[in-house]
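Student: here is my input; please provide its structure:
(one chain, ligands or ions: 1)
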Amino acid sequence: MTVMNSYPQWQTLQRLSQQLPHMRSLFAEDPKRAESMSVSAAGLMLDYSKNRVTTEVMQSLLAMAQSAGLKDKINAMFAGERINTTEQRAVLHTALRASADSEIDVDGQNIVPEVQQTLAKMEAFVEAITSGEWRGFTGKAITDIVSIGIGGSFLGPKIATQALRPYWSGKLKCHFVANVDATSLVEKLKLVDPETTLFLMSSKSFGTQETLTNTLSARDWFLSQGGTQQDIAKHFAAITSNVAKATAFGMDEANIFPMWDWVGGRYSLWSAIGLPIALMVGMDNFRALLQGASDMDRHFVEAPLAQNMPVIMGMLSVWYSNFFNAQSHVVLTYDHYLRGLPAYFQQLDMESNGKSVTLDGERVDFNTGPVIWGGEGTNGQHAYHQLLHQGTALIPADFIMPLQSHNPLGEHHAQLASNCFGQTQALMQGRTFDEALAELAGSKLSDQDKAIIARHKVMDGNKPSNTLLMDKLTPQTLGALIALYEHRTFVQGVIWQINSFDQWGVELGKTLGNDVLARLGAAEESTDLDGSSNRLIRLFRQGHL
Ligand SMILES: O=P(O)(O)OC[C@H]1O[C@](O)(CO)[C@@H](O)[C@@H]1O
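Tutor: Below is the predicted model of the structure:
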């Protein structure tokens, strides 16, 4: 028996999924639907009324969460149990935002004091850099940060820094380098002055090829621009859980910020990996970001399932993945500052739930994590929304919007909001054949042509969406929003009984990549791989087609 159909609610949910009225009818029948299908937490409001659900569906989904032991699993995560079973690790990104007086034990040791010490170290560093007390090798203050890292050591700091643009202190500029393509680094180096630049190397493992290569090249550049070996301590700092490797690399121990194996890379922006954020917005705002996440944590732990925002969002995702065969989920941010969020959620969710075996090692025979993608509203409306409205795939959507803009200019924000709400309405209600035909009433077309055009204009509607609102985008609401998606991802993993915290799938590509790298520069041509790989390697060595 598979995981999914072993839940007592499986059959009921199967039946309900086939009998659901169109959402138009659900709204017509219940004028209070929007109120009853909305929840608030940590400064966010979720309206999930435009989903293919009835009260009975929601009750069954939440009962399924209960059958999966979700509450116990949540408590186990927060308590530091080794729920990442394939790596025998605790999963405690929540400890990074826990209050200073909490006690969270790993191997019998309370980890909170160490988290607080690291925050204090970050604070002193941020103060030294932004006050101008920290001087570069020619005595000048730091003006630019180049943050080098990839995956979770890049996306989180980058999108949060971008999102908090209105809170920048204005004392520094921050540049991000992730790609091993030299162009990424070289183009950033053109923008900075070695005398006033600080390189921050972020790598939990201190073993990621892209990050090591970019850091070495940055160091070579620094040394070629007048800096000496002794000056490196003034211009390079690292965030890593592998302090030994970082010191062996030449990092000054005083400039190394710790990370721990109980923090997953894609959950790490709350740790010292968030230094670029703290440098740009100041420590008070960084702490407010942590506070927002902590508020969402408390909600996740304490709220009953029926009012629990991450639980509701997670279970809705399960509903579409497993009962409607949805393969993808779109995140649409109606705020320019949040334009990076879909890429961040993409790693968070796809690296976490892109799994094919259960915790017991059994192959799954149901859908797990969908493809997460998206972009910023309103741009997408003039590009891919067509497929959301009239394509054949069912793609549940999240619309995210602050009610107040940081840039209240003329009618812009009202137009943005009208687009956001108008899209969710159009997805839900669609347009019937009769409505499309009525719109053509005044045209000169023949009745036959009107019928054909009307068919092209039909939109089935009944397309699900969540609307997430907040008063304003602040460090606190951003923290809550990101934590919401972290927990939503966790909820799905619990239902599917997969390990959301490892990422073995990326390893084979890395290993083979290293093998190919050796072959690209080897004396002998490769002939022992598959025909395609042999040929691609030959072409690269040749340098032209
Ligand atoms: O911080 P590190 O160890 O350099 O890893 C970077 C990223 O690489 C991955 O391990 C995937 O290869 C991600 O999970 C991680 O966020």
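Student: just the terminal-to-terminal distance for stretch 372-387.
Tutor: Taking Cα to Cα, to the nearest Å as the measure, stretch 372-387 stretches 15 Å from start to finish.
Student: which residues sit against that stretch?
Tutor: 328-336, 338-339, 341-342, 345-346, 349-350, 393, 395, 398-399, 401, 416, 419-420, 423 (Cβ atoms under 8 Å, 6 or more residues apart in numbering). All C-beta spots, glycine's among them, are computed from the backbone N, C-alpha and C.
Student: also stretch 324-333?
Tutor: Stretch 324-333 is contacted by residues 17, 52, 317, 320-321, 339, 341-342, 345, 349, 367, 370-377, 380, 388, 393-401, 420, 423 when judged by Cβ under 8 Å, 6+ apart.
Student: I'd like the next helix or strand past the helix-or-strand element of the chain with minimal mean pLDDT.
Tutor: One helix or strand of the chain scores below all others by mean pLDDT, DSSP states H and E: helix 243-249, with a mean of 88. Counting by DSSP states H and E, the next helix or strand C-terminal to helix 243-249 is strand 256-258.
Student: what packs against that next one?
Tutor: Other elements packing on strand 256-258 under the criterion 3 or more Cβ pairs under 8 Å, 6 or more residues apart in numbering; DSSP states H and E are helix 112-131, strand 236-240, helix 243-249.
Student: deepest of the ones you listed, which one?
Tutor: A comparison of the helices and strands packed on strand 256-258 by mean neighbour count, using mean count of other Cβ atoms under 10 Å, puts strand 236-240 on top with a mean of 27.
Student: show me how far that strand is from its chain's centre.
Tutor: With Cα atoms, centre = their mean, to the nearest Å as the basis, strand 236-240 stands 23 Å off its chain's centre.
Student: what helices or strands is that strand leaning on?
Tutor: With contacts taken as 3+ Cβ pairs under 8 Å, 6+ apart, strand 236-240 sits against strand 197-202, helix 209-224, helix 243-249, strand 256-258.
Student: and the contacts of stretch 324-333, which are buried?
Tutor: Among those, those that count as buried by neighbour count (16 or more other Cβ atoms under 10 Å) are 17, 52, 317, 320-321, 339, 341-342, 345, 349, 367, 370, 372-377, 380, 388, 394-401, 420, 423.
Student: domain assignment for the chain?
Tutor: Annotated domains of the chain cover 4-67+303-429+464-496, 93-287, 504-542 [automatic domain parsing].
Student: isn't residue 140 right next to residue 198, touching?
Tutor: No. Contact criterion Cβ atoms under 8 Å: residue 140 and residue 198 do not qualify, at 11.5 Å.
Student: these two: who's more crowded?
Tutor: Neighbour comparison, residue 140 and residue 198: the larger count goes to residue 198, with 23 against 12 (by other Cβ atoms under 10 Å).
Student: per-residue confidence at residue 1?
Tutor: For residue 1, the pLDDT comes out at 55.
Student: quick revisit: with distance to the ligand added, can I get the domains of the chain in CSV?
Tutor: Shown next, in CSV, are the domains of the chain (distance: least, Cβ to the nearest ligand atom, whole Å):
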stretch, distance to the ligand
domain 4-67+303-429+464-496, 6
domain 93-287, 3
domain 504-542, 4
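Student: would you list the helices and strands packed on strand 256-258 in TSV and tack on distance to residue 468?
Tutor: What follows is the helices and strands packed on strand 256-258, written out as TSV (distance: least, Cβ to Cβ, whole Å):
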stretch	distance to residue 468
helix 112-131	28
strand 236-240	30
helix 243-249	38
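Student: out of the ones you listed, which gets the lowest mean score?
Tutor: When the helices and strands packed on strand 256-258 are ranked by mean pLDDT, helix 243-249 comes last with a mean of 88.
Student: and that one, what other elements does it pack with?
Tutor: Against helix 243-249 (3+ Cβ pairs under 8 Å, 6+ apart) you get strand 236-240, strand 256-258.
Student: do that again at 10 Å, thanks
Tutor: In terms of contacts (3 or more Cβ pairs under 10 Å, 6 or more residues apart in numbering; DSSP states H and E), helix 243-249 is packed against helix 209-224, strand 236-240, strand 256-258.
Student: list of residues touching it?
Tutor: For helix 243-249, contacts defined as Cβ atoms under 10 Å, 6 or more residues apart in numbering pick out 201, 203, 205-207, 212, 215-216, 219, 236-240, 242, 251-253, 255-259.
Student: now these: which count as buried?
Tutor: Among the contacts of helix 243-249, those scoring as buried are 201, 203, 206, 212, 215, 219, 236-240, 242, 251, 255-259 (criterion: 16+ other Cβ under 10 Å).
Student: and stretch 443-450, what's buried?
Tutor: residue 450.
Student: one more: stretch 86-94?
Tutor: 89-94.
Student: residue 407: which of the residues you listed is nearest?
Tutor: Of all these, residue 407 sits closest to residue 93, with 31.7 Å by Cβ to Cβ.
Student: what's the neighbour count on the residue nearest to the closest one when sequence neighbours are not counted?
Tutor: Nearest-residue entry for residue 93: residue 267, 3.7 Å, with adjacent residues in sequence omitted and distances by Cβ to Cβ, 6 or more residues apart in numbering. A count of nearby residues for residue 267, using other Cβ under 10 Å, gives 26.
Student: following element in sequence after the helix or strand hosting residue 492, please.
Tutor: Per DSSP H and E, residue 492 falls inside helix 475-496. Heading C-terminal from helix 475-496, the first helix or strand you meet, by DSSP H and E, is helix 507-520.
Student: who touches that following helix?
Tutor: Here helix 507-520 makes contact (Cβ under 10 Å, 6+ apart) with 180, 207-209, 525-526, 528-529, 533-534, 536-538, 540-541.
Student: among those residues, which are in helices?
Tutor: 209, 533-534, 536-538, 540-541 (DSSP state H).
Student: and the residues you listed, which are buried?
Tutor: Applying 16+ other Cβ under 10 Å to the ones in helices among the contacts of helix 507-520 flags residue 537 as buried.
Student: out of the ones in helices among the contacts of helix 507-520, who's nearest residue 119?
Tutor: Ranked by distance to residue 119 (Cβ to Cβ), those are led by residue 209 at 30.0 Å.
Student: surely that closest one and residue 178 touch.
Tutor: No. Counting by Cβ atoms under 10 Å, residue 209 does not reach residue 178; the two are 12.0 Å apart.
Student: overlap in contacts, those two.
Tutor: Common contact partners of residue 209 and residue 178 (Cβ under 10 Å, 6+ apart): residue 150.
Student: the residue nearest to the spatial centre of the chain: what secondary structure?
Tutor: Nearest residue to the geometric centre of the chain (Cα atoms, centre = their mean): residue 345, 2.2 Å. Of the three states, residue 345 takes helix according to DSSP: H, G, I helix; E, B strand; the rest coil.
Student: pLDDT score for it?
Tutor: Looking at residue 345, its pLDDT is 98.
Student: wait, what's in contact with the residue of the chain most remote from its centre?
Tutor: Residue farthest from the centre of the chain, counting by Cα atoms, centre = their mean, is residue 446 at 51.1 Å. Taking Cβ under 10 Å, 6+ apart, we find residue 446 in contact with residue 452.
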